[in-house]
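S.K.: The amino acid sequence is not available; the structure is as follows:
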C-alpha cells in the first residue's frame, strides 16, 4: 500500500486498510526506541511545528520525541489565545504556519474542527493532536496499536469504553476506529455523559458499567474532568466514583485476561483505583511507549517518502 | 413621468390575480392594470412614459423582508443601512424590517428616528425599524413602546435574544397589543441551548460540537403561544426551524390563538449534516436542523402554518466568521439569495407562485400592518419584477451587502429579481434591455 493522504485529521477519514497500514508501519518503529542511540536520519531537514493552542504535556512531548528520533527539526508553538481573541482569522494562522516552510504541523486546539479548517488552507500536512471534543486520532491509533500488539488482533474483541463519552474526543476516535476494525464496542456512563444518537455508530450503549465490562477483553477508562462537577452533568465526584470507578471487584466481571487502558492523565480513586491502574491487567504505560512509535510512523508516512 | 410595465405575468394574491397584462404607474401609484394598456394612451402620453417589456417575467407586489439586521448604528463595518438597502433592492425587496440589536440598540425613539433618517437619505427601499421589547435588550424592563411607535417602529422584538422572563413577555404582549404593535418572538430557552453551536443530533455527536436541542426552541414557542392565548393578544414567531415548533403553531392556530410565524430560506434548504465541512457560514441561530425538520418546515409552509418567509439577513465580518467554529458569530446574509432559494419551493411544488408571493409580500404586510403587499389600483407602486427561470451562479464578491457570509457562494440558482420599484421609482434594474 502506498500512502497518499496529506493530513491525519480524524479516524473518520481513514479506511480499515489505512488504519491497518498505519499500525503495521508503526510496528517497525518500535525497535528504534529500544536502541542505545535512539535516532535515525529518516526526516533529516524536515520541519515539524507542534502548534498547541490547548495545553498538553504528554501528547506534545510524545510528538516532539517522535520527531527528534527521526531527526526532524521540531518546534513548539503554544499560543495562549484563540484567533478570535487575537482578531486574526484561521486563514491568517494557516498562512503563517506555511510561511515558516513547515512540512508537518501538529495541531491541538480546544475548539472542534480547527485542524480541518486549517488543513484546507495550507500545503503543509496537518496532524490533529486533539480538537475540542471531536477527534484525537493519534491517541486512538496508539490505543489500537496497543491492543493489536498485546492481543494479536482487534477484530472480534469485546471492548468497553467507560466514562464521560460526551466530552471525550478519545472516545469518539476510538469508537470510530475500533468499530471499523471489527471490535464489539460497548460504551457506558451516566446518561448525561452519553452523546445523543451514539448508537448510530454501531456501539452498544449502557448506563450501568457492569453491563459494558462483563466478559470484556479490553476496558478503556476515560478521564473525568473534575471541573464538570458543577455543570449539572453528575451530582458529585463521590457519587460518580461509586458507580463508575474501575476497581478490582469490577475487573473480575471481565475476562480473566482483560486489558485495562487509560489515555491519561488518570484521576486515581475517581475513575480508576490505584490497585487496578498499577495492577497486572494495566497497559497504561505501554500505551505511552507505543504512542511514540505510532507518531513516528505517522510523521514518516506524511513527510518521509519523497513525493 | 409615467411607467408602463408591459406583458408581465401579474401575480397578486391580494386580489387573486395571476394573468398576463400591463401595469401603468402614475404619481407613484398603480393607476391602471390590465391587458394592452398602451392602446389607451395617446401618442403624447406614450412619449412621456418609460415602457418596460416584462415578457417572460413576473410582476408581483413588492417583496417585504420582515426580518433583517442592518447593523447601523454601531456595526457599520458589517453593514450599513445604505449597503443593506442596496442588497435588498437587488434581491427584489421593496421593504425591509430591521431588528433592534444595533449599538446603541433600538430601544428608544432617538435610535428609531436615526434609522429612518439614514434610510430616507439613501432612498432605496422602505426601511421599517423594529423596536426592542426590553430596555437595552436585557430582558428585564419594558422599553418605551409608545414613544418608539411615534418615532416609526412597526413591531417589537429582542431578536437575537429571547425574553426569558415570562412575566415580562406577558406584559410586553399586553402593552404592545394596546398600541397595535406586533411582537416578534425569538424563541430560545438559553438554559437549554447553553453553549450549543449547532443542532443537537447525531452530527453534533460526530463533530464534537455542543448541541442546541430542538426543545430549546419549542419550549419557548409553547410558552409564547400560551401567553398570547391567555392574554388574548397576538404573537409572531420568528425563524421557526423545527418540526415540533411547526406542530405547536399549527395546533395553536386551530385553537384560534392569534399566532403567526416565519421561517428563513436556510431552514428549508440546508440541514445540520452540511456542518461536516465546519463552514462557519452555516452557523446560525436557531441552528440548521435535521433533514426531517427541513421537510416539516416545507410542510408547514405548504399548509399555511408558517405565514412568511424572511431572510434573517445577518451580516458579519470575516474576522468574526473565519475563526474557530465555536467562537464564530451566528448568522448568514440572505437578502440577495432569499428569492432564488424560495423559488425552489415553487419548482419543488411545495408552493404555487401566488402562495410564494403571499409568504414574501402579502402576509408580511398583514402581520406588520403595512398598507403594502398589493397591486390594487391606487396602491403605492411597490413592485418586484423577477425572472423565475433565470439561471445564475452566486458570486458573493458581486453582492451589494458589505458582508460576504453566505454558504451559497458558487451555488447554481434559478430565478432572480430583475427590477425593483418603490413608490413608482426604479430602485434596481437588471432587465436585459436596461441601460
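M.R.: Perfect, I can see it now. From a predicted model like this one, the values you see are computed outputs, not experimental measurements.
S.K.: mind listing the strands for the stretch 201-307 of chain A?
M.R.: Under the criterion DSSP state E, counting those that start in this stretch, strands of the stretch 201-307 of chain A are mapped to A:204-206, A:218-221, A:259-261.
S.K.: meant to ask about the stretch 101-250 of chain B, not that
M.R.: Under DSSP E, counting those that start in this stretch, the stretch 101-250 of chain B gives strands at B:126-131, B:155-156, B:184-185, B:198-199, B:211-212, B:234-237.
S.K.: picking that back up, show me the one of the strands of the stretch 201-307 of chain A that comes nearest chain B.
M.R.: Closest to chain B of those is strand A:204-206 (Cβ to the nearest Cβ; 11.6 Å). (C-beta placed from N, C-alpha, C; glycine too.)
S.K.: What residues sit buried inside that closest one?
M.R.: Residues of strand A:204-206 classed as buried under the neighbour-count rule (16 or more other Cβ atoms under 10 Å in any protein chain shown) are A:205-206.
S.K.: Off-centre distance for it?
M.R.: On the basis of Cα atoms, centre = their mean, to the nearest Å, the separation between the geometric centre of strand A:204-206 and that of its chain is 21 Å.
S.K.: which non-adjacent residue is nearest the closest residue to chain A within the stretch 1-150 of chain B?
M.R.: Here the residue of the stretch 1-150 of chain B nearest chain A is residue B:77; by Cβ to the nearest Cβ that distance is 12.2 Å. For residue B:77, ignoring the flanking residues on the chain, the nearest one in space by Cβ to Cβ, 6 or more residues apart in numbering or on different chains is residue B:317 at 5.7 Å.
S.K.: same question, residue A:41
M.R.: Leaving aside its chain neighbours, residue A:41 sits nearest to residue A:71 (4.9 Å; criterion: Cβ to Cβ, 6+ apart).
S.K.: how about the helices of the chain, start to end?
M.R.: With no chain named, the answer covers chain A. Along chain A, the stretches classed as helices by DSSP state H are A:16-30, A:58-69, A:83-86, A:90-99, A:114-119, A:137-151, A:169-180, A:209-213, A:237-244, A:248-251, A:274-277, A:284-299.
S.K.: Actually, chain B is the one I wanted.
M.R.: Assignment of helices within chain B using DSSP H yields the ranges B:43-47, B:81-90, B:109-122, B:145-151, B:166-178, B:190-193, B:202-207, B:214-231, B:243-254, B:291-302, B:318-321, B:338-347, B:353-357, B:363-367.
S.K.: and of these, who's closest to residue A:16?
M.R.: Of all the helices of chain B, the one in closest proximity to residue A:16, counting by Cβ to Cβ, is helix B:202-207 (18.2 Å).
S.K.: Need phi/psi at the residue in the stretch 101-250 of chain A that chain B sits nearest to.
M.R.: Evaluated by Cβ to the nearest Cβ, the stretch 101-250 of chain A has residue A:134 as its residue closest to chain B, separated by 3.1 Å. Main-chain dihedrals, residue A:134, degrees, to the nearest 10: phi -90, psi -80.
S.K.: Help me confirm that it comes into contact with residue B:208.
M.R.: Yes: the pair residue A:134 and residue B:208 passes the contact test of Cβ atoms under 8 Å, sitting 3.1 Å apart.
S.K.: higher neighbour count, those two?
M.R.: For residue A:134 and residue B:208, the more surrounded residue by other Cβ atoms under 10 Å in any protein chain shown is residue A:134, and the numbers stand at 27 against 24.
S.K.: who's in contact with the more buried one?
M.R.: The neighbourhood of residue A:134, defined by Cβ atoms under 8 Å, 6 or more residues apart in numbering or on different chains, consists of A:10, A:112-113, A:169, A:172, B:207-209.
S.K.: Which residue is the nearest non-sequential neighbour of residue B:20?
M.R.: Spatial nearest neighbour of residue B:20, excluding adjacent residues (Cβ to Cβ, 6+ apart): residue B:9 at 5.7 Å.
S.K.: Tell me what the one you found is bridged to.
M.R.: Beta-bridge pairing of residue B:9 under DSSP bridges involves residue B:20, residue B:58.
S.K.: ok, it touching residue B:22?
M.R.: No: proximity of residue B:9 to residue B:22 does not meet the contact threshold set by Cβ under 8 Å, at 11.4 Å.
S.K.: Neighbour count: those two, which is higher?
M.R.: The residue with more neighbours, out of residue B:9 and residue B:22 and counting by other Cβ under 10 Å, is residue B:22; that gives 23 against 20.
S.K.: Can you tell me how far the nearest residue to the more buried one once chain neighbours are set aside is from residue B:263?
M.R.: The spatial neighbour of residue B:22 that comes closest, neighbours along the chain excluded (Cβ to Cβ, 6+ apart), is residue B:37 at 4.0 Å. As for residue B:37, its distance to residue B:263 is 37 Å (criterion: Cβ to Cβ, to the nearest Å).
S.K.: Equivalent analysis for residue B:234, please.
M.R.: Counting by Cβ to Cβ, the gap from residue B:234 to residue B:263 is 18 Å.
S.K.: cool, residue A:54 as well?
M.R.: Here residue A:54 is placed at a distance of 38 Å from residue B:263 (Cβ to Cβ).
S.K.: more crowded one of residue B:37 and residue B:263?
M.R.: Neighbour count, other Cβ under 10 Å: between residue B:37 and residue B:263, residue B:263 has more, with 27 against 19.
S.K.: ok, the more buried one - contacts?
M.R.: Per Cβ under 8 Å, 6+ apart, neighbours of residue B:263: B:239-241, B:297, B:300-301, B:306, B:308-310.
S.K.: what is it paired to in the beta sheet?
M.R.: In this structure, residue B:263 has the following beta-bridge partners (DSSP bridges): residue B:309.
S.K.: Tell me who's in contact with residue A:97.
M.R.: Taking Cβ under 8 Å, 6+ apart as the criterion, residue A:97 is in contact with A:49, A:51, A:105, A:118, A:122, A:124.
S.K.: Give the burial count for the closest residue to the fourth one other than its chain neighbours, as a bare number.
M.R.: What that stands for is residue A:118. Of all residues not flanking residue A:118 in the chain, residue A:94 sits nearest, at 4.6 Å (Cβ to Cβ, 6+ apart). The local packing of residue A:94 (other Cβ under 10 Å) involves 21 other residues.
S.K.: any idea how far residue B:327 is from residue A:94?
M.R.: Taking Cβ to Cβ as the criterion, residue A:94 is separated from residue B:327 by 16 Å.
S.K.: same question, residue A:137
M.R.: Here the criterion is Cβ to Cβ. By it, residue A:137 lies 23 Å from residue B:327.
S.K.: quick one: which of the two has more around it?
M.R.: When neighbours are counted by other Cβ under 10 Å, residue A:137 and residue B:327 differ, and residue A:137 comes out ahead with 31 against 15.
S.K.: wait, that one sits on residue A:14?
M.R.: Yes: in this structure, residue A:137 sits in contact with residue A:14. The criterion is Cβ under 8 Å, and the distance is 7.5 Å.
S.K.: what residues are shared contacts of these two?
M.R.: What both residue A:137 and residue A:14 touch, as defined by Cβ under 8 Å, 6+ apart, is the set A:8, A:177.
S.K.: any idea what sits nearest the most far-flung residue of chain A relative to its centre, other than its immediate chain neighbours?
M.R.: With distances taken as Cα atoms, centre = their mean, the residue sitting farthest from the centre of chain A turns out to be residue A:87, at 30.5 Å. If you skip the residues right next to it in sequence, residue A:87 has residue B:319 as its closest partner in space, 5.8 Å away by Cβ to Cβ, 6+ apart.
S.K.: Mark out where each domain of chain B begins and ends.
M.R.: In the domain annotation for chain B, the residue ranges read B:2-59+B:379-400+B:409-429, B:62-367 (automatic domain parsing).
S.K.: tell me the pLDDT at residue B:302?
M.R.: Residue B:302 is assigned 98 on the pLDDT scale.
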